[in-house]
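**Student:** Sequence unavailable; structure follows:
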Ligand code: CAA
């Protein structure tokens, strides 16, 4: 395995193109997403129009080469976009992250040329929505065990898929899905295969939509397969390679969630700064009190430490990808620290706002709820710690 040297200083460069992207995404997010975030959080509806606009801006396939409908940019561009969108509304950034890092990225790495053209282009261009389905009701953190099955038909032309998958981000609306299911249960994780699924075919059923605490405008549901016929051409990678594909893709996904968590934390921090300057108590702004100052100092320090780990993970990804190496530890450290920071910062933001922080009239209440999922999805904080420690110790 190619490892990165974490003692080397960061060499990431912010180009004019990155600056222009950040400005354009920030303007769009503040103008179009911020005004609707509260309404969609309340209703739980999928924000079709703004997702469509993100597609028109090239944000649904940021790292996808232009020949496959994407923006042809790099991982830094993707992370910067995630931060800006998450600052406006975490739900939009969840939709963006699954489309980019979990759906498009996997097909770009493991797909054939035909698969890239047919399966990436409509999703990266934002015409359609993509999803990634690994989790099942009885298989979450222990992703190598699953009850769903794909069985090759006698003619050898199709796999017949049966089973129930859960917690599928964009499941209620997705046009296409990268699905992981068992083709040989005797082989454990080596019996898992990845399939490319069209959702408008018989045997694909959208199940219960999850009533969630946060990121409520990002639709999440079960999906059910009942004798769904998937042609063998729609296998992604090799039969039995599914677990590796799922894990490889999650490394990239975890960088996206780290960026999302950073964006939520920044939004909560900036709201707290404003409030601490404006809210008066005991004859002056509450920002004059040392206990508020301590919170501000700790929030800011953890945010910048998070950004450092995020950039380290991006650099590790860019350094190792060319050699087909892994950046698993860096991605997990970034995801762990950024998501724990988002939890800390949003909690302190509610505290600084006092009663107003507990009210739906202020966005910090939403930031607090939205931050919670970042410590759970794409691998819990406990799983990230396990991954980091196993890699450091060299044991499994
Ligand atoms: N990249 C490539 N290969 C990897 C890998 C990685 N990051 N991690 C593990 N592998 C490979 C190993 O090298 C090993 O290969 P060999 O058998 O050939 O040696 C194989 O995968 C099995 O590895 P482990 O023995 O380490 O596997 P494990 O069963 O102990 O589990 C785990 C490892 C890290 C706990 C993993 O199961 C995991 O990440 N669990 C969390 C799952 C997760 O994040 N789920 C979220 C789903 S997506 C979501 O949240 C919803 C959404 O839509 C946003």
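**Tutor:** Now that the structure is in, tell me what you want to look at. In this text, all values refer to a predicted model and were calculated from it rather than measured experimentally.
**Student:** Tell me how far residue 302 lies from residue 210.
**Tutor:** 29 Å (CB to CB, to the nearest Å). In short, each C-beta sits where N, CA and C put it, glycine included.
**Student:** Please apply the same query to residue 150.
**Tutor:** Using CB to CB, we find residue 150 at a distance of 25 Å from residue 210.
**Student:** What residues does whichever residue of the stretch 201-350 of the chain sits closest to the ligand make contact with?
**Tutor:** Closest residue of the stretch 201-350 of the chain to the ligand, CB to the nearest ligand atom: residue 247 (3.3 Å). For residue 247, the contact set (CB atoms under 8 Å, 6 or more residues apart in numbering) comprises 143, 328.
**Student:** What are the phi and psi values at it?
**Tutor:** The phi/psi pair for residue 247 (degrees, to the nearest 10) reads phi -70, psi -40.
**Student:** what about it, distance to residue 268?
**Tutor:** Distance of residue 247 to residue 268, computed by CB to CB: 31 Å.
**Student:** and what of residue 212?
**Tutor:** 19 Å.
**Student:** Look at those two and report which has more neighbours.
**Tutor:** Shown here are residue 212 and residue 268; by other CB atoms under 10 Å, residue 268 has more neighbours (31 against 18).
**Student:** which element is that one on?
**Tutor:** helix 242-278 (DSSP states H and E).
**Student:** before we move on, back to that, neighbour count: residue 150 and residue 210, which is higher?
**Tutor:** Neighbour count, other CB under 10 Å: between residue 150 and residue 210, residue 150 has more, with 25 against 18.
**Student:** Doesn't that one lie inside a helix?
**Tutor:** No: with DSSP: H, G, I helix; E, B strand; the rest coil as the criterion, residue 150 is strand rather than part of a helix.
**Student:** and the gap between it and residue 176?
**Tutor:** 17 Å.
**Student:** Can you show me the helices along the stretch 151-300 of the chain?
**Tutor:** 242-278, 290-321 (DSSP state H, counting those that start in this stretch).
**Student:** Just send those back as CSV, with distance to residue 167 too.
**Tutor:** As requested, the helices of the stretch 151-300 of the chain are exported to CSV (distance: least, CB to CB, whole Å):
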stretch, distance to residue 167
helix 242-278, 14
helix 290-321, 24
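**Student:** and the stretch 1-150 of the chain, which residues reach the ligand?
**Tutor:** Counting by CB under 6 Å from any ligand atom, the residues of the stretch 1-150 of the chain close to the ligand are 98, 132, 134, 135, 141, 143, 144.
**Student:** So the third one sits against residue 144, correct?
**Tutor:** The one in question is residue 134. No: the pair residue 134 / residue 144 is not scored as a contact, 10.1 Å apart, by CB atoms under 8 Å.
**Student:** Among the two, which residue is more densely surrounded?
**Tutor:** Applying other CB under 10 Å to residue 134 and residue 144 shows that residue 134 carries more neighbours, namely 27 against 16.
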